[in-house]
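>>> Predicted model follows, preceded by the sequence.
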Amino acid sequence: MKAVGRWLELVAGPFRSSWRAGLGWAIAFVLLVVSTVAFWPAFKGSTGLDAAFQALPKGMLEAFGFQDFTSPAGYLRGGLYEVIVPLMFAAAGVLFANSATAGEEDAGRLELLLAMPITRRSFLAGRSLAVLGWMVVLAIVVLVAQLLSNGAFGLEIAAARIVSTVVLCGLLGTVYAGLAVAIAGILARPGLVLSVGLGLSLVGYLVAALFPLSDVLAPWAQLSPWDWALGGDPLVNPAELWRYAALAVPSLALAVVGIAAFERRDIRSA
Amino acid sequence: MDAPDAPSSPDELDRPALRISGLVKDYGRVHAVRGIDLDVRRAEVFGFLGPNGAGKTTTIRCILDLLRPTAGRIEVLGLDPRQDGVAVRRRIAYVPGELRLPERQTGRQLVASISRLRGDLDSARVRELAERLSLDLGRRLRDLSSGNRRKVALLLAFASDAEVLVLDEPTNGLDPLMQHEFLRLVREAREAGTTIFLSSHVLSEVQRAADRVAVLRAGKIVALGTVDELRGRARQRVDVWFVDPPPAEELAAVPGLEDQLVEGHRFAAVLSGSIQPLLEVLARHPVVSMLVEEPDLEETFLDLYEAAS
């Protein structure tokens, strides 16, 4: 019974203490999704807009997801799921993970907790699960907001494609959260965790979006987790199972690296 | 993960509560602790004294396995904190010197979450301690003064079933009344068989609470003994008024009597070590009055620090 209470505290404690950030992200996601879908009726079937977009270079259109902007899938991709939503999931993952780990350690707040009868492994695993919990909550929020606003504004798209796309974006966020846990496990430097985590999120997007424009670089685009998540255009085509695994496995592996490193080093004091 | 603590075997009771041998901790080129050896007995209040930066907190953080020693060995109740960290920390309660608590929580929320992690906080004891420490657990921790936050940490330590309390500068920020209450808590805990490792740079508090004291300077122990032994090493001012002129020659031969001064019938000096040889001289001469100042441990420690440097 005590062990259950202890595990509950190791996960629920940090989950609870991030509720303000969680609420902030949830509101931001809902506003973004609802306001974007609200403009769908104006774009629907607009031939003029299509013609204007066609005048732009094809590669550039694809980089920003603006090809086929007047179809439901094309509109959602260009407006939400090519850049902004996955980027927000990545940023949320890095920020949640950083504040639960390196941020707390740098502030000297791990001193009292790690003097408790718990292992460092269970401590950091609990914090990683709390971050995962917030990623799940945010994915559900985006999913619900998307499905409800699709209905409200008459955007017709299969719910299965939405579910798959949102889950892939959420998993992309967990990759960067895992990266943040790995860095924080090695070093208690919140500045480093944030700059590397957010920097690599952006690099991941740029690699997936811009490399395909060059014949030389195109094959390397597959190095980016963004390509694993969204390269199959999940709003249009059912995503292959390997895409989920390609995101989930590295997320887990990175967290394990962080936990292993955290067990071996000194804890920073205030 | 949650195996019940094995009852202390008689064999285990013979072991010291805490044994540190050859402890070294370097941070790169900085040598924070340079070879510490000490044993803390069971149910003893052990004072760990030294100026800031002497290595007290580093040693304590090694005991809790928050830091990994560069060299040396630590045993807590016969267990190695590196190998059996969970078991060790189950039997230790710790009050950090640099205290950082989750600011948005109330005292009560923190007590609840620590209670779930430790599993041994007694809620009746928590209420009793909150009352004794005049602590309002309903307030958010960020709204509390540093002294009141310190009280929260003390409450968490003293409300546990820990066999060893490791207290790093525990009275920082406490007013004199609460310092007094703290000393009462320490004495009660010792009477109940708890071992207390009390780190401080405040001599008076260690002098009042501790059975034995180690004095640390620049990462090394420069003195170790009972408070009385250290008092024996203390320098004290002696003033004697004789009926006749002072027996200067006899007094000059008394060991440990320095800075001698004779002014009429008054004799003044600084005595280090035992007062017995001086008393033997005085017994042979009629004395009007005599004043011996209480040895000032502060000066003793300053002497020790200086001697070590």
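Ah, there it is.
>>> Would you mind finding the longest helix in chain A?
As far as residue count goes, and with DSSP state H defining each element, the longest helix of chain A is helix A:120-153.
>>> Report how many residues lie close to the one residue in the stretch 151-270 of chain A that gets nearest to chain B.
Among the residues of the stretch 151-270 of chain A, A:A270 lies nearest to chain B; the distance is 4.0 Å by C-beta to the nearest C-beta. For glycine as for every other residue, the C-beta is placed from the backbone atoms N, C-alpha and C. For A:A270, the number of neighbouring residues by other C-beta atoms under 10 Å in any protein chain shown comes to 14.
>>> Over to A:A177?
A:A177 is flanked by 29 other residues according to other C-beta under 10 Å.
>>> For the helix or strand harbouring it, list every residue counted as buried.
Here A:A177 sits within helix A:159-186, counting by DSSP states H and E. For helix A:159-186, the buried set under the neighbour-count rule, 16 or more other C-beta atoms under 10 Å in any protein chain shown, comprises A:161-162, A:164-186.
>>> circling back to that earlier point, three-state assignment of the residue nearest to the residue of the stretch 151-270 of chain A closest to chain B when sequence neighbours are not counted?
Nearest residue to A:A270, sequence neighbours excluded (C-beta to C-beta, 6 or more residues apart in numbering or on different chains): A:G108, at 2.6 Å. Recorded secondary structure, A:G108: coil (DSSP: H, G, I helix; E, B strand; the rest coil).
>>> I figured A:G231 hits A:A208, correct?
Yes: contact between A:G231 and A:A208 holds when scored by C-beta atoms under 8 Å: they sit 6.8 Å apart.
>>> Now do the shared contacts for those two.
Listed as contacting both A:G231 and A:A208 by C-beta atoms under 8 Å, 6 or more residues apart in numbering or on different chains are A:A221.
>>> higher neighbour count, the two?
Taking A:G231 and A:A208 together and counting by other C-beta under 10 Å, A:A208 has the greater number of neighbours (23 against 17).
>>> Work out for me the element the more buried one sits within.
Assigning secondary structure by DSSP H and E places A:A208 in helix A:190-210.
>>> Roughly how far does B:L38 sit from chain A?
When distance is defined by C-beta to the nearest C-beta, to the nearest Å, B:L38 is 20 Å away from chain A.
>>> Report the secondary structure element holding that residue.
Element membership of B:L38 [criterion: DSSP H and E] is strand B:30-40.
>>> what does the stretch 151-270 of chain A have sitting close to chain B?
With C-beta under 8 Å from any C-beta of the partner chain as the criterion, the stretch 151-270 of chain A meets chain B at residues A:R264, A:R265, A:D266, A:I267, A:S269, A:A270.
>>> Apart from its chain neighbours, what residue comes closest to the third one?
This means A:D266. Looking at A:D266 with C-beta to C-beta, 6+ apart, the closest residue is B:L67, at 4.7 Å.
>>> tilt between the helix holding A:A177 and helix A:120-153?
With axes from the mean of the first three to the mean of the last three C-alpha atoms, to 10 degrees as the basis, helix A:159-186 and helix A:120-153 are set at 150 degrees to each other.
>>> which other helices and strands contact helix A:159-186?
With contacts defined as 3 or more C-beta pairs under 8 Å, 6 or more residues apart in numbering or on different chains; DSSP states H and E, the packing partners of helix A:159-186 are helix A:72-76, helix A:84-100, helix A:102-106, helix A:120-153, helix A:190-210, helix A:225-230, helix A:241-264.
>>> average model confidence for the third one?
Throughout helix A:102-106, pLDDT has a mean value of 96.
>>> Residues contacting it, please?
Among residues not part of helix A:102-106, those counted as contacts by C-beta under 8 Å, 6+ apart are A:L110, A:A180, A:I183, A:A184, A:L187, A:A188, A:R189, A:P190, A:L192, A:V193, A:I267, A:R268.
>>> Please tell me how far it is from the chain's geometric centre.
The gap between where helix A:102-106 is centred and where its chain is centred comes out at 21 Å by C-alpha atoms, centre = their mean, to the nearest Å.
>>> pLDDT score assigned to residue 179?
If you meant another chain, say so; for now it's chain A. According to the per-residue confidence, A:L179 scores 98 in pLDDT.
>>> The intended chain is chain B.
Confidence for B:Q179, expressed as pLDDT, is 92.
>>> Now it: which helix or strand?
Per DSSP H and E, B:Q179 falls inside helix B:176-191.
>>> Could I get the buried residue list for that helix?
Quick answer for helix B:176-191 (16+ other C-beta under 10 Å): B:M178, B:Q179, B:E181, B:F182, B:L185, B:V186, B:A189, B:R190.
>>> what sits against the first one?
Contacts here follow C-beta under 8 Å, 6+ apart; on that basis B:M178 touches B:L133, B:S134, B:G147, B:K151, B:T171.
>>> Dihedrals phi and psi, B:E75?
B:E75 adopts backbone torsions of phi -130, psi 130, taken as degrees, to the nearest 10.
>>> Contacts only, for the nearest residue to it once chain neighbours are set aside.
Nearest residue to B:E75 in three dimensions, chain neighbours excluded: B:R19, at 4.4 Å (C-beta to C-beta, 6+ apart). The contact partners of B:R19, by C-beta under 8 Å, 6+ apart, come to B:L38, B:D39, B:V40, B:R73, B:I74, B:E75.
>>> Neighbouring strands - and their directions - for the helix or strand encompassing B:R19?
Here B:R19 sits within strand B:18-27, counting by DSSP H and E. Strands that pair with strand B:18-27, judged by DSSP bridges, come out as strand B:30-40 (antiparallel), strand B:71-76 (antiparallel).
>>> CSV for those strands, including mean neighbour count?
Formatted as CSV, the entries for the strands paired with strand B:18-27 read as follows, by neighbours: other C-beta atoms under 10 Å in any protein chain shown:
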stretch, mean neighbour count
strand B:30-40, 18
strand B:71-76, 19
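>>> Could you dump those strands into TSV with distance to B:Q276 added?
Below are those laid out as TSV (distance: least, C-beta to C-beta, whole Å):
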stretch	distance to B:Q276
strand B:30-40	30
strand B:71-76	39
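>>> you'd agree B:L203 is up against B:G50?
No: taking contacts as C-beta under 8 Å, B:L203 lies outside contact range of B:G50: 10.4 Å.
>>> the inter-axis angle of the longest helix of chain A versus helix A:84-100?
Helix A:120-153 and helix A:84-100 meet at an angle of 150 degrees, taking the same axes, to 10 degrees as the criterion.
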